[in-house]
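Enquirer: pasting the sequence and the predicted coordinates here, then a few questions.
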Amino acid sequence: MVFCGRVNPTTGAMDWIQEDEDYDYHQEIARSSYADMLHDKDRNEKYYQGIKAAVKRVKERGEKAIVLDIGTGTGLLSMMAITSGADYCYAIEVFTPMAEAALRIVKANGFGDKIKVINKHSKEVTMGPDGDMMERANILITELFDTELIGEGALPSYEHAQQNLMQERWEAVPHRATVYAQVVESHRLWSWNKLLPINIDNKLIQPPPEIQTCPGAPSVCDIQLSQLSPDDFKTLSDIMDIFSVDFSQQVSSATVSHPINFTSLANGAAQVVLSWWDIDMDPEGTINCTMKPGWLYPADHPVPWRDHWMQCVYFLPAEKKVTQGEELCLTAYQDDYCVWYKLMKPGAEESSSGSDERPVCLCGAHIIWNRARFGELNDHGRIEKYKEALRKILTPSSMCLCISDGSLLPLLAYSVGVAQVYTIEYSSMSQQVMEKLFQTNHLKEAIPILQKTPDKVTSADLEDRKVSTLIGEPFFTTSLLPWHNLYFWYSRTALSGNLAEGCTVFPMSASLYVLAVEFKDLWRIRSPCGVCEGFDVSIMDAMIKKSLDFRESQEAEPHALWEYPCRALSDAAKVMTFDFREPVPADDVKSEGSVSLVRSGRCHGVVLWMEYQLTEDISISTGLLDISKEKGYCQWYPHSKQGIFFLNSVLEQGWSSTQTYSSVTYQMTFHPKLGDIKMNFIANS
């Protein structure tokens, strides 16, 4: 057993938790994409076809087919190679539990004498009679890609393997990869990257110049682009081939630029680059696996679903006004691990200094706010609701204190005429960003920032005045699941001595809701595979189940459900309410009952979210926004993640099961001392 220190997102306290020594490895497996990849039939079929073709090309040259499979995972691609006629395969897997599983899977399928599993990083593999590999390979099979193609270090791994582990001539599966991009204008996407001006009673709240000129977060924004409506963006360029990597030739991981000239298709503001890639499994390009978004497929063509490879959204360093017919140059910069883009006039990239430097946040805002939070702060409809609610509870004499991380509520409170507003920002980075925001709008003196935790706030900090109105969104950067924002309740409790008698608490309360759903595709990340392309991988299923049962299968996990279509099979049910007007109770709060399934379908799990009651008649939801009456299709709040509790009992039965259910029973316990909600859901026939 080991003790792990973790900050509890609900209580804000440091918790020391006794964990099993295998906890980290169980988490790694439970949260991996192995099951999702095994369910990706399009990927599996294309790899199998490409491997068969590569083995055939080698055999036709009269050579033995010696395969190197880097990142073998379950050993699936290695088994495909031997079945296709390869003479021997070296399967490399650096993650020890996965390598052990691959060894067992290979043996169970009868390939133990033809496949050697090597539990090392490919750069550590040795060659020779006493080494890991007896001879160099002439077929290189890899699946080292992520949504950005090269983000998992594919290029350095290829570079080393080709120089040290391959013969002078080799075949590669995949044979090549091509990255595509399209320049667009999109208010929705741009609002995930910049703080936009906010109109409050005909007065604009301006973002600090540092945020406007900041290149933004360095990491790619990976999403299920198929779920973005084409109405959410205007195309300013054709889809362009940005660069290709030929894996049958020596690969380099050096930083390089790829300038592409194009003609603007329309007037607009170039803000965003949409990007994806595809892989040709063979030199002729007849076996192609593409990551293009669903709206580029013909209407009658099935769209492969995958969550391990999605699509990329890149934000340009600054928006650029373009006119139809204008000649422009989009330059992609690519190093060993990531890609970034600049938009310039043709030829300007040659004189542009520092363009090849990877972007990094300089303003701090992209560090304290993730993309969903930017979207939330720019949501005018949401701002209007908060403003309307604040008008109902605030007066010019209100002594107001705000508890939320990097919130606009202090600005809204001040705008409705409150004389005194304080705000708590415990993080020094958050404090600096908010100070810049207040200073830009000439409010630095009007809204003092207290850089301390709520339990450390003294009467002197508040100039010996009691707080008459305590406000919060609530939002905290440490929150992962919807109920983690109950930190507001713990903060309100810690501040009890500073609250005036009859203090108004805003929001008044929060309620936890549940909804039984059928997912269109997301169920695949938790469903066992059994047999994949004719190979038994049930050992992997058992391994994942063991790791899930270690903890994950008894907990909800966060997902942004606007990206994952689902149907409501029940009505939304309120299962718990937390009254912020009272301190956090000492005793556990329990709730149990059941929700009836009112629509037919396969119940994969239960979605959980919070709804905040701002005033008696105004509420804000972080989850369900609407359900279509006929089919039950759900519309979800796009700016935060919802919790999902997968019903493993349903998923384990297999997709073809005819078992039907009439209700889902729930048992919920809120443990105030732990700041956690323990839950269990059972599907009933």
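Expert: Received it, and whenever you're ready, just let me know what you need.

Enquirer: so where do the helices sit in the stretch 101-250 of the chain?
Expert: All helices of the stretch 101-250 of the chain, identified by DSSP state H, counting those that start in this stretch, fall at 154-164, 187-190, 209-213.

Enquirer: buried sites along the first one?
Expert: Within helix 154-164, the residues that count as buried by 16 or more other C-beta atoms under 10 Å are 154, 155, 156, 157, 158, 159, 160, 161, 162. In this view, the C-beta of every residue, glycine as well, is placed from N, C-alpha and C.

Enquirer: please apply the same query to the second one.
Expert: Of the residues in helix 187-190, those buried by neighbour count under the rule 16+ other C-beta under 10 Å are 189, 190.

Enquirer: and the residue lying closest to residue 584 once chain neighbours are set aside, what are its phi and psi?
Expert: Distances taken as C-beta to C-beta, 6 or more residues apart in numbering place residue 493 nearest to residue 584, at 4.7 Å, with adjacent residues excluded. Phi and psi for residue 493, reported as degrees, to the nearest 10, are phi -70, psi -40.

Enquirer: where's residue 493 relative to residue 399, distance?
Expert: To residue 399, residue 493 is 19 Å away according to C-beta to C-beta, to the nearest Å.

Enquirer: centre of the chain to the strand or helix carrying residue 320, how far?
Expert: Following DSSP states H and E, one finds residue 320 within strand 311-322. Relative to the centre of its chain, strand 311-322 is centred 20 Å away, using C-alpha atoms, centre = their mean, to the nearest Å.

Enquirer: next, the angle helix 154-164 makes with the next helix or strand after it.
Expert: Beyond strand 311-322 on the C-terminal side, the first helix or strand identified by DSSP H and E is strand 327-334. If you take axes from the mean of the first three to the mean of the last three C-alpha atoms, to 10 degrees, strand 327-334 sits at 60 degrees to helix 154-164.

Enquirer: chain center to strand 327-334: distance?
Expert: Averaging C-alpha positions (C-alpha atoms, centre = their mean) puts strand 327-334 27 Å from its chain's average.

Enquirer: within the sheet, what are the partner strands of the helix or strand that it is followed by, with directions?
Expert: Downstream of strand 327-334, the first helix or strand assigned by DSSP H and E is strand 339-344. Taking DSSP bridges as the criterion, strand 339-344 sits next to strand 327-334 (antiparallel) in its sheet.

Enquirer: list the buried residues for the partner strand?
Expert: Within strand 327-334, the residues that count as buried by 16+ other C-beta under 10 Å are 328, 329, 330, 331, 332, 333, 334.

Enquirer: any idea of the mean pLDDT for it?
Expert: Mean pLDDT, computed over strand 327-334, is 96.

Enquirer: and the helix ranked longest in the chain, what does it pack against?
Expert: Criterion DSSP state H: the longest helix present in the chain is helix 41-60. On a contact count with 3 or more C-beta pairs under 8 Å, 6 or more residues apart in numbering; DSSP states H and E, helix 41-60 meets helix 76-83, strand 137-142, strand 166-173, strand 288-290.

Enquirer: between strand 166-173 and that helix, find me the angle.
Expert: 140 degrees.

Enquirer: so after helix 41-60, what's the next helix or strand?
Expert: Helix 41-60 is succeeded, C-terminally, by strand 66-70 (DSSP H and E).

Enquirer: can I get that next one as CSV, trimmed to CA atoms?
Expert: This file holds the C-alpha atoms of strand 66-70, laid out as CSV (Å, rounded to 0.1, in the frame of the first residue of the first chain):
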residue,chain,number,x,y,z
ILE,A,66,10.5,-10.1,-40.9
VAL,A,67,8.1,-7.7,-39.2
LEU,A,68,8.7,-5.1,-36.6
ASP,A,69,5.5,-4.0,-34.8
ILE,A,70,6.1,-0.9,-32.6
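
Enquirer: in the sheet, which strands lie alongside that strand, parallel or antiparallel?
Expert: Sheet pairing of strand 66-70 (DSSP bridges) gives strand 88-92 (parallel), strand 137-142 (parallel).

Enquirer: just checking, residue 529 touches residue 542?
Expert: No - at 11.1 Å, residue 529 does not count as touching residue 542 under the criterion of C-beta atoms under 8 Å.

Enquirer: compare the two (neighbour count), which wins?
Expert: residue 529 (22 against 13; other C-beta atoms under 10 Å).

Enquirer: excluding chain neighbours, what is closest to that one?
Expert: Spatial nearest neighbour of residue 529, excluding adjacent residues (C-beta to C-beta, 6+ apart): residue 38 at 4.2 Å.

Enquirer: what number of residues lie near that neighbour?
Expert: Residues contacting residue 38 under the criterion other C-beta under 10 Å number 27.
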